[in-house]
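Peer 1: Output the structure for:
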Amino acid sequence: MDYETPDYSPPPPPPPPRPPGRARQRIQQRRDTAEHRVVAEPKRARAMPQLAPAGKVKLPEIRLPSSQRLILYGAGAVLFVAVVVFILGRIRNQTAETPPNAVFIGENWTYNSHDSADVIELAEALRARSIGTVYAWFSWLEADNTWNNTDRFAQVDQFAAQLKAAYPEVELLAWIVVPVNAGQGYRLDQPDLQTQVAQFSQLAIGEYGFDGVFINADPLSIDDQNFLALLRRVRLSIGDTAVLAAAIPPDWRPGDTNVPASAEIAPATEWSTEYKQSVALLLDEIVIMAFNSRITSAADYSQWMAHQVSSYAQAIAGLGEDIQTRVLIGIPTHDADGQGHDPQVENISSAANGIRVGTAAAGDAASYVQGVAIYAEWTADDAEWAQFSSLWLGR
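Peer 2: Reported below is the predicted structural model:
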């Protein structure tokens with residue numbers, strides 16, 4: 001059966017059992033000029049080799065009275081201490097670099113109390129896996145336009161504080177799900193709903209300690225202008241320094257017939273290049289949810305994945321070299337779910353293969369693809385993390 005907007009979004013989390021500094025740097029670069037023109041940093045001068053004189057040269061000897069020597073030694077000691085204090089302060093105040101990859105975590109972390117030791121263990125695991133961005137479950141907009149589980153948000157606040165204490169450089173984003181079709185049907189065109197999502201996003205940042213929000217609106221139709229309107233409202237609400245990320249559908253069945261795709265999906269089910277660029281201009285992070293493809297071959301899935309990488313990378317590169325939006329590729333670790341995901345086909349191995357082929361095909365544009373986003377922490381087992389480490393991190 002053909003359909004135009006497959007349900008790509010992950011199911012809600014199961015029941016309980018660039019750092020903020022990087023984002024601010026991207027936004028500051030936007031602010032420098034209205035045209036997003038960023039002046040390149042001057043190249044660091046190469047250190048000149050210190051050449052020894054050809055012959056022995058004896059410098060004139062300088063003799064100072066003993067009192068002046070004491071004053072000079074004291075001044076030198078003070079200067080030395082001042083320099084050491086300055087250098088140590090600079091080192092201490094430098095923010096550690098945020099690793100490039102991301103992971104989705106569920107309500108088992110955000111809605112439940114945890115000992116500090118458990119959160120420290122989570123932080124250590126994230127660091128070890130080069131995961132610097134966390135999409136943490138926050139809430140779901142019900143059909144009656146109310147947010148679910150608001151009575152459990154105190155635990156969200158506690159978890160955010162614990163994770164930030166254990167992992168200061170982490171980029172922690174509130175995962176907010178907005179089902180597009182609910183109640184009376186399509187509702188993304190409702191200005192009141194857009195405003196509600198925007199205000200809720202600001203609440204997540206201002207009251208619950210998140211660095212930004214991850215908007216998961218689902219399903220999205222081709223070149224939906226209401227989605228752009230929603231993102232604009234959220235950006236206005238959260239300001240320029242907060243991080244705005246969103247779940248983005250893949251090219252389900254590209255117009256390029258050389259790309260393998262499921263016959264169950266209508267042809268040319270993909271966003272236009274211009275629309276992809278419009279989305280990129282509004283977001284700090286694009287997360288392509290590249291699974292639930294209904295493809296039945298791992299090799300075909302890798303080719304399909306390669307297309308997703310090159311398609312989005314080249315679209316964003318078309319905006320010019322100053323665009324700061326980064327692309328992450330969502331790859332699955334969950335079980336078969338009846339939504340077109342077969343873990344024998346869509347997995348870390350086939351996804352990693354496809355991403356590498358796609359970045360090679362994208363050429364210089366591949367620099368916009370900066371990492372992967374694992375869906376999800378609560379479904380990934382030790383074998384999958386081992387695959388991630390060896391096949392993606394190369395360890």
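Peer 1: I'd like the distance from residue 387 to residue 281, if you could.
Peer 2: To residue 281, residue 387 is 35 Å away according to Cβ to Cβ, to the nearest Å. Where you see a C-beta, it was placed from the backbone N, CA and C, and this is true even at glycine.
Peer 1: and these two? which has more neighbours close in?
Peer 2: residue 387 (18 against 15; other Cβ atoms under 10 Å).
Peer 1: For the more buried one, pull up the helix or strand it's in.
Peer 2: For residue 387, the element it lies in under DSSP states H and E is helix 382-387.
Peer 1: Same question for residue 372.
Peer 2: Following DSSP H and E, one finds residue 372 within strand 369-375.
Peer 1: Now that strand - C-alpha only, CSV.
Peer 2: Presented in CSV, the C-alpha positions along strand 369-375 are these (Å, rounded to 0.1, in the frame of the first residue of the first chain):
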residue,chain,number,x,y,z
VAL,A,369,27.8,15.5,9.1
GLN,A,370,29.4,15.6,12.5
GLY,A,371,28.2,12.4,14.3
VAL,A,372,25.4,9.9,14.9
ALA,A,373,22.5,9.7,17.3
ILE,A,374,21.9,6.3,18.8
TYR,A,375,18.2,5.4,19.2
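Peer 1: Check which strands are paired with it and give the direction for each one.
Peer 2: Strand pairing for strand 369-375, using DSSP bridges, gives strand 101-105 (parallel), strand 326-332 (parallel).
Peer 1: quick one: which of the ones you listed is nearest residue 256?
Peer 2: Nearest to residue 256 among the strands paired with strand 369-375 is strand 326-332; the distance by Cβ to Cβ comes to 18.5 Å.
Peer 1: Work out the gap between that closest one and the centre of the chain.
Peer 2: Relative to the chain's own centre, strand 326-332 is displaced by 8 Å; criterion: Cα atoms, centre = their mean, to the nearest Å.
Peer 1: ditto for stretch 209-225
Peer 2: Stretch 209-225 sits 13 Å away from the centroid of its parent chain (Cα atoms, centre = their mean).
Peer 1: what does stretch 281-301 give?
Peer 2: Using Cα atoms, centre = their mean, the offset of stretch 281-301 from its chain centre is 15 Å.
Peer 1: Ends of it, what's the gap?
Peer 2: 28 Å (Cα to Cα, to the nearest Å).
Peer 1: how about it: buried residues?
Peer 2: Neighbour counts over stretch 281-301 (16 or more other Cβ atoms under 10 Å) mark 282-295, 298, 300-301 as buried.
Peer 1: Among those, which lie within helices?
Peer 2: Taking DSSP state H as the definition of helices, the buried residues of stretch 281-301 contribute 282, 298, 300, 301.
Peer 1: Turn these into a markdown table, columns for pLDDT and distance to residue 166.
Peer 2: Output for these, formatted as a markdown table (pLDDT from 0 to 100; distance: Cβ to Cβ, whole Å):
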| residue | pLDDT | distance to residue 166 |
| --- | --- | --- |
| 282 | 98 | 31 |
| 298 | 98 | 37 |
| 300 | 98 | 41 |
| 301 | 98 | 36 |
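Peer 1: Can you add distance to residue 342 and give the residues you listed back as TSV?
Peer 2: TSV is the format used below for these (distance: Cβ to Cβ, whole Å):
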residue	distance to residue 342
282	33
298	9
300	11
301	9
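Peer 1: For those residues, work out which two are farthest apart.
Peer 2: Spanning the widest gap among those are 282 and 298, at 34.1 Å by Cβ to Cβ.
Peer 1: what separates the one helix or strand residue 360 maps to from the chain centre, distance-wise?
Peer 2: Element membership for residue 360 (DSSP H and E) is helix 348-362. Offset of helix 348-362 from its chain centre (Cα atoms, centre = their mean): 18 Å.
Peer 1: Remind me what that helix packs against, helices and strands.
Peer 2: Packing contacts for helix 348-362, counted by 3 or more Cβ pairs under 8 Å, 6 or more residues apart in numbering; DSSP states H and E, involve helix 298-317, strand 326-332, strand 369-375, helix 382-387.
Peer 1: Let me have the ones you listed in a markdown table, adding distance to residue 149 as columns.
Peer 2: As requested, the helices and strands packed on helix 348-362 are arranged in a markdown table below (distance: least, Cβ to Cβ, whole Å):
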| stretch | distance to residue 149 |
| --- | --- |
| helix 298-317 | 32 |
| strand 326-332 | 24 |
| strand 369-375 | 20 |
| helix 382-387 | 28 |
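Peer 1: Next one: the closest residue to residue 358 other than its chain neighbours, what pLDDT does it get?
Peer 2: Leaving out its chain neighbours, the residue that sits closest to residue 358 by Cβ to Cβ, 6 or more residues apart in numbering is residue 309, at 2.7 Å. The confidence metric pLDDT takes the value 98 at residue 309.
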